[in-house]
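for reference, the sequence and a predicted model appear below.
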Amino acid sequence: MELNVIYNESCLEGLKKIPDASVDLLFTDPPYYQYRAQNMQGLKNHKDVVTEFEFDDFKSEEDYLQFLENVLAQCYRVCKPGAAGYLWCGDDFVSYLNRIIEHAGFQFRKVIHWHKTNPFPAIYTRKMYANSMELLIHFSKGSPKTWNHKPVNQMHNFIESPICMGKERSLHKTQKPLKVCIPFIEISSNPGDLILDPFIGSGTTAVAAKMLNRNYIGFEINPKFTKIADQRLNQHF
């Protein structure tokens, strides 16, 4: 399979084409929802808020979780011994995903907390706090082979930044800022390594990989997002 390409296909099909033990780092943001559109009271177009969850090929949430378990099983196969993984999730799904990650064969290591300094405001009728945190699960295939230490104050399991804004922002609602991705890619991979993102969305993992002189393989089933990702790469490089 050709490197440094975003493939417009289902990751479960695409992953089958990747050889065993060939990936150095898994970094991905699978689809999940934070809010339902019917509760948004006309605010559903706010950036960084997921207003719908595409169950197109799934009859239930349980079916989706089974799909994700199948994806992670394939990811385990293609990862090298010692490869690290990072998976974004909401706080309501982290316990489910930890079990799926471990069932696939990976070893859970830590949950990293991203504090959004400008989160979507809480809706007063729901009597809830603003959802200002998003989580990044860190795991590995055995003991991590790569661990590039940064200064002590940059090795916390906490990172703080605004949501993706300005010129970096695309039309993808859950686009992650490069600022909250690059540090972990630097720590858990080296130049020339291969990074896999099965749900590459707007292409942030690919952009970060190219900025850091890593290779990448990405999958995105939605052609609109594949086009956005390719446009971002063309603008940067």
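On my side now, so go ahead.

ok, the most centrally placed residue in the chain - contacts?
Central residue check for the chain by C-alpha atoms, centre = their mean: the C-alpha nearest the mean position is that of residue 29, 2.0 Å away. Contact analysis of residue 29 by C-beta atoms under 8 Å, 6 or more residues apart in numbering lists 87-88, 174, 176, 197, 199, 201, 204. Backbone N, C-alpha and C define where each C-beta goes, glycine included.

now do the helices in the chain.
Remark: helices assigned in the chain by DSSP state H are 11-15, 61-78, 94-103, 182-188, 204-211, 223-236.

mean pLDDT, mean neighbour count and distance to residue 152 added to those, as JSON lines?
Putting the helices of the chain into JSON lines (pLDDT from 0 to 100; neighbours: other C-beta atoms under 10 Å; distance: least, C-beta to C-beta, whole Å) gives the following:
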{"stretch": "helix 11-15", "mean pLDDT": "96", "mean neighbour count": "19", "distance to residue 152": "36"}
{"stretch": "helix 61-78", "mean pLDDT": "91", "mean neighbour count": "18", "distance to residue 152": "31"}
{"stretch": "helix 94-103", "mean pLDDT": "93", "mean neighbour count": "16", "distance to residue 152": "26"}
{"stretch": "helix 182-188", "mean pLDDT": "98", "mean neighbour count": "19", "distance to residue 152": "13"}
{"stretch": "helix 204-211", "mean pLDDT": "98", "mean neighbour count": "24", "distance to residue 152": "23"}
{"stretch": "helix 223-236", "mean pLDDT": "92", "mean neighbour count": "16", "distance to residue 152": "31"}
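
got those as CSV, with distance to residue 153 columns?
Supplementary listing: the helices of the chain in CSV, determined by distance: least, C-beta to C-beta, whole Å:
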stretch, distance to residue 153
helix 11-15, 36
helix 61-78, 31
helix 94-103, 25
helix 182-188, 12
helix 204-211, 21
helix 223-236, 28
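
out of the ones you listed, which is closest to residue 161?
Across those, the minimum distance to residue 161, taken as C-beta to C-beta, is reached by helix 182-188, at 10.5 Å.

convert the C-alpha atoms of that closest one to PDB, please.
Listed in PDB are the C-alpha atoms of helix 182-188, where the atom choice follows Å, rounded to 0.1, in the frame of the first residue of the first chain:
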ATOM      1  CA  ILE A 182       1.800  17.300  17.500                       C
ATOM      2  CA  PRO A 183       3.300  16.800  21.000                       C
ATOM      3  CA  PHE A 184       2.100  13.200  21.300                       C
ATOM      4  CA  ILE A 185       3.300  12.300  17.800                       C
ATOM      5  CA  GLU A 186       6.700  13.800  18.600                       C
ATOM      6  CA  ILE A 187       6.900  11.800  21.900                       C
ATOM      7  CA  SER A 188       5.800   8.400  20.400                       C
END
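
name the helices or strands packed onto that helix?
Under the contact definition 3 or more C-beta pairs under 8 Å, 6 or more residues apart in numbering; DSSP states H and E, helix 182-188 sits against strand 23-28, strand 79-89, helix 204-211.

if you set the cut-off to 7 Å instead, what comes out?
With contacts defined as 3 or more C-beta pairs under 7 Å, 6 or more residues apart in numbering; DSSP states H and E, helix 182-188 has these neighbours: strand 23-28.

and residue 77, how far is that from residue 157?
According to C-beta to C-beta, to the nearest Å, residue 77 and residue 157 sit 28 Å apart.
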